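K.L.:
quick check, what structure comes out for this input:
(2 chains)
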Amino acid sequence: QKEVEQNSGPLSVPEGAIASLNCTYSDRGSQSFFWYRQYSGKSPELIMFIYSNGDKEDGRFTAQLNKASQYVSLLIRDSQPSDSATYLCAARDNYGQNFVFGPGTRLSVLP
Amino acid sequence: GAGVSQSPSNKVTEKGKDVELRCDPISGHTALYWYRQSLGQGLEFLIYFQGNSAPDKSGLPSDRFSAERTGGSVSTLTIQRTQQEDSAVYLCASSLSAGLGYNEQFFGPGTRLTVL
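P.N.:
Reported below is the predicted structural model:
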């Protein structure tokens, strides 16, 4: 069974610090990985996707992928209170077409 | 429309009644997904449609749940004989053809279902 694991948190970081969110996946066939942010009472919205080993940066966000270790992470630099939300990791293969979501990590950025 | 729309936004029903939830995906998106999210929980996959292929129903929790997608566009999720444990937010998402694995999902605003 394909699974995506995340620490449920809450992860608390002070404003301005780096928040590190981690995700592991069980299916070696997974090729694409997505980070979604979900504010309380709202729908998930995409932050980044990554499909190549290494780092991918977009503004304050950096996604990291290590397929050998089946590990994906999201770094948020200069964390702001507005980053406080639940972060969902999802994996997808190129053939199964379906997304497998992790349970999410709740991040709290303290002012 | 510009995004995925869902209706109704809120639905309160009595135990034992049937409900229908509607999802209108982004135009041109051939893949459509239904998820359920209970309070404080993650996304629970329910069903997935891709073009004209047979849907992936592996996540439906019981035979009281069914879904259809007419004309490859609008989808309806039906819950028969609702139970209190069906209370949750039902999210719909769509994405472009799955030919490319990095096509992201776009989520609708959800329908909050409350079964009394």
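K.L.:
switch to C-alpha atoms for all contacts and neighbour counts from now on
P.N.:
Fine.
K.L.:
would you map the strands across chain A?
P.N.:
With strands called from DSSP state E, chain A shows them at A:4-6, A:11-14, A:19-25, A:32-38, A:45-50, A:54-58, A:61-66, A:71-76, A:85-92, A:99-101, A:105-110.
K.L.:
which other residues reach the fifth one?
P.N.:
Pointing back at strand A:45-50 there. A:32-38, A:56, A:58, A:63-65, B:102, B:104-107 (Cα atoms under 8 Å, 6 or more residues apart in numbering or on different chains).
K.L.:
go on, the longest one?
P.N.:
Contact with strand A:85-92 is made by A:4, A:6, A:21, A:23, A:25, A:30-40, A:44, A:98-108, B:101-102, as judged by Cα under 8 Å, 6+ apart.
K.L.:
got it, and the last one?
P.N.:
For strand A:105-110, contacts defined as Cα under 8 Å, 6+ apart pick out A:6-15, A:21, A:79-88.
K.L.:
rank the strands of chain A by pLDDT, which is bottom?
P.N.:
Per-stretch mean pLDDT for those is lowest at strand A:99-101 (a mean of 87).
K.L.:
about what we covered before: which one of the strands of chain A lies closest to B:Ser94?
P.N.:
With Cα to Cα as the criterion, B:Ser94 lies closest to strand A:99-101 of these, at 11.3 Å.
K.L.:
what strands line up against the closest one, and which way round?
P.N.:
Using DSSP bridges, the strands paired with strand A:99-101 are strand A:85-92 (antiparallel).
K.L.:
residues touching the residue nearest the centre of chain B, list them.
P.N.:
Nearest residue to the geometric centre of chain B (Cα atoms, centre = their mean): B:Trp34, 3.0 Å. Contacts for B:Trp34 (Cα under 8 Å, 6+ apart) come out as B:Phe45, B:Leu46, B:Ile47, B:Tyr48, B:Tyr90, B:Leu91, B:Cys92, B:Ala93.
K.L.:
go with 6 Å
P.N.:
B:Leu46, B:Ile47, B:Leu91, B:Cys92 (Cα atoms under 6 Å, 6 or more residues apart in numbering or on different chains).
K.L.:
confidence-wise, which helix or strand of chain B is lowest on average?
P.N.:
Between all helices and strands in chain B, the lowest mean by mean pLDDT, DSSP states H and E belongs to strand B:44-50, at a mean of 90.
K.L.:
now the contacts of strand A:105-110: which count as buried?
P.N.:
Buried by 16 or more other Cα atoms under 10 Å in any protein chain shown: A:6, A:8, A:11, A:13, A:15, A:21, A:79-80, A:83-88, out of those.
K.L.:
verify the stated contact: A:Asp55 with A:Phe61.
P.N.:
No - the criterion here is Cα atoms under 6 Å, and A:Asp55 misses it with A:Phe61 at 10.2 Å.
K.L.:
which of those two has more neighbours?
P.N.:
Neighbours per residue, other Cα atoms under 10 Å in any protein chain shown: of A:Asp55 and A:Phe61, the larger number sits with A:Phe61, 18 against 15.
K.L.:
skip the chain neighbours and tell me the closest residue to the more buried one.
P.N.:
A:Ile76 (4.8 Å; Cα to Cα, 6 or more residues apart in numbering or on different chains).
K.L.:
who's A:Leu74 bridged to?
P.N.:
A:Leu21, A:Ala63.
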